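1. Dropping a prediction and its sequence here:
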Amino acid sequence: MKTFFAPAERAAADQLNRSIEAVSNNAVVDAVMEVVAGLLAVLNEQRQILALNDTLLDILDVDDAAGVLGLRFGEALDCVHAHDEPGGCGTSRHCATCGAAIAMVASLTSNQPEQRDCVATLARDGRMVDMYFQVRCCPITFEGQRFLLLFLQDVTEEQRRAVLERVFFHDINNTITALAMTGQLLERRLQDAGEVGNLAVRVRELSLRLAKEVEMQRALSDEDPRAYQLTFFDVAPIELLVAMGETFANHPAASGKVLSLPHEAPTSTLSTDRPLFQRVLTNMLVNAFEATPEGGEVRLWAEDEGEMVSFCVWNAGEIPSDVALRVFQRNFTTKGGVGRGLGTYAMKLFGEVYLGGQVTFETSAEAGTVFRFRLPWKPRYEN
C-alpha cells in the first residue's frame, strides 16, 4: 500500500487481539498506566493503539477505550491528515513532518527512546483545532513482542501563551522604539517648522498604530473576527509600498540586506484597514529577510489583477517541501522552542478572515519564493 513516510501495514485482526490481551494482562504495563499522570498509550510495531490511560481518553473525547483500540494515534485524535491516504495515519505527505510520526518511526528503527514536538490540526465539532504536544516514544519488549510506549504532554496552552506574548511584546517594542526615536527627532528640529510638522504626523501615526497593535493582539488571543474593529481608509498602493520601505529601513531583520521597491505601482485606490494590512505585509517581509543571507535582496511590488490587487514579496531562497506543507499551520516553526510559529498563521488570519483577501506562496529552487497577498480593491464586508 502506498505511503509517503511510515509503513502502511497493520497487524492482522487475530494478532491485534492477542497483543491487546497481552498488554492488558501485563502487570508492568498496568503499573505504568497507574503511575504516569500524563497522557500515555501502548502501541504495537504497526503504531496501532493497544491500551491507553484515562487522561488520554479524555483528550480524545471518547468514553470507551474499545472504540480506539487498533487505531493509530492520528486517527484516534481526528487529525485532519489521518485519512489523506488509504494507509491512514503516518502515510501522507504531511505525516513526514509530524513530530509524533517521526518519533514513533525513529524509536522503532533505533530501538531507543526518541522525543519530538508535534503540531496537530484536529477536526472537532465542525471546526479546526490546533494542538501542540511534546512526544516521547520508548520501545519495550515482553512475551516475545516489541511494543512502543507513547508518552504525550499537552503543551497547547503553554505554547499559545508563549507565542502571543512573544509576538505582542516584539511588535509593541518596535512601535514604541519608532515612536521614541521620532519624538527625539521632533525635539531636535524645533527650528524647522516644516519638518516638525512632518514629524508630528509621524508621531500621531505611530500612536494610532500602537493602539491598533493592542487590538490585533486581542484578536489573535480570541480568534474571533469581532475582537478587532476594522476601519477602512482609501490609500494608493505606492503609498503602502513606500511605508513598508520606511519601516524596514532600520528594521533588525533587514540589517545588511536590501529591500528593492518598484518605481511604479497600480494607480487605482485601495480601501483597506491600513494597520492590519501593514501587519500582514510586515510578516511577509520579515520572513523573507530571515530567509535571505547578508548582502542578499528582497523584492516588494504590487500588481493590478482587475478586481483584485496583489502585493508580492520575493526572496531567492526555496522553502523545503516538508516545511511548505505546514507553512500556515499555527504553532509550526522551523526555529524550535515554544513561543514561535505565529507569523505566517497571522498572515492567513488577518489577510483572509479579516480583510477578505488570499495569502498564498510559490517556491522553487530556480525562481525562489514569492508570497502573494491578494485582496479586493474595495472591501467585501465590514465587521
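-> That came through fine. Numbering: from 1, shown residues only.

2. what about the helices in the chain?
-> Along the chain, the segments classed as helices by DSSP state H run 13-24, 27-35, 54-60, 73-77, 99-110, 156-188, 193-222, 237-247, 274-290, 321-324, 343-348.

3. Check the chain for its longest strand and report it.
-> strand 127-142 (DSSP state E).

4. ok so, going back, go through the helices of the chain and find the least confident stretch.
-> For the helices of the chain, mean pLDDT drops lowest on helix 193-222, to a mean of 64.

5. tell me, how many neighbours does residue 355 end up with?
-> Under the neighbour criterion other C-beta atoms under 10 Å, residue 355 is assigned a count of 24. Any C-beta I mention is one placed from the backbone N, CA and C, and that applies to glycine too.

6. Report how many residues lie close to the residue nearest to it when sequence neighbours are not counted.
-> In this structure, residue 355 finds its nearest non-sequential neighbour in residue 375, 5.6 Å apart by C-beta to C-beta, 6 or more residues apart in numbering. If you count neighbours by other C-beta under 10 Å, residue 375 ends up with 23.

7. next one: residue 61
-> By other C-beta under 10 Å, 11 other residues sit near residue 61.

8. Contact partners for it?
-> Neighbour list for residue 61: residue 124 [criterion: C-beta atoms under 8 Å, 6 or more residues apart in numbering].

9. now do residue 149
-> By C-beta under 8 Å, 6+ apart, residue 149 lies in contact with 32, 40, 41, 42, 43, 137, 138, 139, 140.

10. Taking those residues, please make a ChimeraX selection of just the buried ones.
-> Here is the ChimeraX command that selects the buried residues among those (16 or more other C-beta atoms under 10 Å):
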select :32,40,41,42,43,137,139
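
11. Let me know the closest of the contacts of residue 149 to residue 65.
-> Among these, residue 41 lies closest to residue 65 (C-beta to C-beta), at 9.8 Å.

12. isn't residue 89 right up against residue 82?
-> Yes - counting by C-beta atoms under 8 Å, residue 89 touches residue 82, with 4.5 Å between them.

13. what's the neighbour count on the residue nearest to residue 152 when sequence neighbours are not counted?
-> Among residues not flanking residue 152 along the chain, residue 39 sits closest, at 3.7 Å (C-beta to C-beta, 6+ apart). The burial count assigned to residue 39 is 21, neighbours taken as other C-beta under 10 Å.

14. contacting residues for residue 39?
-> Residues near residue 39 by C-beta under 8 Å, 6+ apart: 53, 55, 56, 59, 133, 151, 152, 153, 154.

15. export the residues you listed to JSON lines and tack on distance to residue 258 and neighbour count?
-> Output for the contacts of residue 39, formatted as JSON lines (distance: C-beta to C-beta, whole Å; neighbours: other C-beta atoms under 10 Å):
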{"residue": "53", "distance to residue 258": "55", "neighbour count": "19"}
{"residue": "55", "distance to residue 258": "53", "neighbour count": "16"}
{"residue": "56", "distance to residue 258": "51", "neighbour count": "25"}
{"residue": "59", "distance to residue 258": "48", "neighbour count": "15"}
{"residue": "133", "distance to residue 258": "40", "neighbour count": "24"}
{"residue": "151", "distance to residue 258": "48", "neighbour count": "19"}
{"residue": "152", "distance to residue 258": "45", "neighbour count": "23"}
{"residue": "153", "distance to residue 258": "43", "neighbour count": "14"}
{"residue": "154", "distance to residue 258": "44", "neighbour count": "16"}
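
16. which ones are touching the residue lying closest to residue 37 once chain neighbours are set aside?
-> Take residue 37 and drop its neighbours on the chain: the residue closest to it by C-beta to C-beta, 6+ apart is residue 55, 7.3 Å away. Contact analysis of residue 55 by C-beta under 8 Å, 6+ apart lists 37, 38, 39, 40.

17. shouldn't the last one be in contact with residue 54?
-> I take that to be residue 40. No - Residue 40 is beyond contact range of residue 54, at 9.8 Å (criterion: C-beta under 8 Å).

18. Look at the residue lying closest to residue 113 once chain neighbours are set aside and report its pLDDT.
-> Once flanking residues are discounted, residue 113 sits nearest to residue 138: 4.5 Å by C-beta to C-beta, 6+ apart. Per-residue pLDDT puts residue 138 at 95.

19. I'd guessed residue 138 sits against residue 146; true?
-> No - Residue 138 is beyond contact range of residue 146, at 11.2 Å (criterion: C-beta under 8 Å).

20. hang on, residue 325 packs against residue 97?
-> Yes - with contact defined as C-beta under 8 Å, residue 325 reaches residue 97; the gap is 5.9 Å.

21. of the two, who's got more company?
-> Shown here are residue 325 and residue 97; by other C-beta under 10 Å, residue 97 has more neighbours (22 against 19).

22. what about the more buried one, distance to residue 151?
-> Relative to residue 151, residue 97 is positioned 21 Å away (C-beta to C-beta, to the nearest Å).

23. Any idea how many residues pack against residue 142?
-> Using other C-beta under 10 Å, the number of residues around residue 142 comes to 12.

24. Which residue comes closest to it once chain neighbours are left out?
-> Closest to residue 142 by C-beta to C-beta, 6+ apart is residue 26, at 6.3 Å.

25. Over to residue 141?
-> Once flanking residues are discounted, residue 141 sits nearest to residue 147: 7.3 Å by C-beta to C-beta, 6+ apart.

26. residues near that neighbour, how many?
-> Neighbours of residue 147 under the rule other C-beta under 10 Å: 22.

27. so what's it scoring on pLDDT?
-> With respect to pLDDT, residue 147 scores 95.

28. With the one 4 residues further on instead?
-> Confidence at residue 151, expressed as pLDDT, is 94.

29. Identify the bridge partners of it.
-> When bridges are called by DSSP bridges, residue 151 pairs up with residue 40, residue 136.
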